[in-house]
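# what's the 3D shape of this:
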Amino acid sequence: MDDPEVRLRETLDSLAQNVTPSPDTYARARAEWQRRERRRRLVMLVLAVVIVAVADLVGLWALNSLSEPERPPRNERVDVIVQP
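All right, here's what the predicted structure looks like:
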């Protein structure tokens, strides 16, 4: 009785001998991986720039809205008392 491990190894070896590898498979896979990596980095950069720009705009808007002095009412009289 043969060992199942030995039979499986022989079967896989005979199957592997029938397979013909493509010579440029690695180069194509690597180029695809690099393209995806560049795209991922570009998307992350654009996202970071948008987040910083929005945060800057919100901060400038908040500073501008808080820096306006309150104006006195127009209909009321404003007395200024100066001490000698």
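# ends of stretch 75-84, how far apart?
Length of stretch 75-84, first residue to last, CA to CA, to the nearest Å: 29 Å.
# Low-confidence ranges, the protein, go.
1, 68-69, 72-73, 78 (pLDDT under 70).
# Now do residue 60 against residue 84, distance only.
Counting by CB to CB, to the nearest Å, the separation of residue 60 from residue 84 is 45 Å. Heads up, the C-betas are built off the backbone N, CA and C, glycines and all.
# and those two? which has more neighbours close in?
residue 60 (10 against 2; other CB atoms under 10 Å).
# in this protein, which helix has the most residues?
Secondary structure of the chain read by DSSP state H shows that its longest helix is helix 25-66.
# Can you give the distance of that helix from its chain's centre?
5 Å (CA atoms, centre = their mean, to the nearest Å).
# Residue 83: neighbouring residues, count only.
3.
# how would you label it: helix, strand or coil?
coil (DSSP: H, G, I helix; E, B strand; the rest coil).
# Report the contact partners of it.
Under the criterion of CB atoms under 8 Å, 6 or more residues apart in numbering, residue 83 has no neighbours.
# which residue is nearest the middle of this protein?
residue 44 (2.7 Å; CA atoms, centre = their mean).
# From residue 12, how far out is that one?
Taking CB to CB, one finds residue 44 at 42 Å from residue 12.
# before we move on, what about residue 82?
Following CB to CB, the distance that separates residue 82 from residue 12 is 103 Å.
# helices or strands next to the longest helix of the chain in the packing?
Contacting helix 25-66 under the criterion 3 or more CB pairs under 8 Å, 6 or more residues apart in numbering; DSSP states H and E is no other helix or strand.
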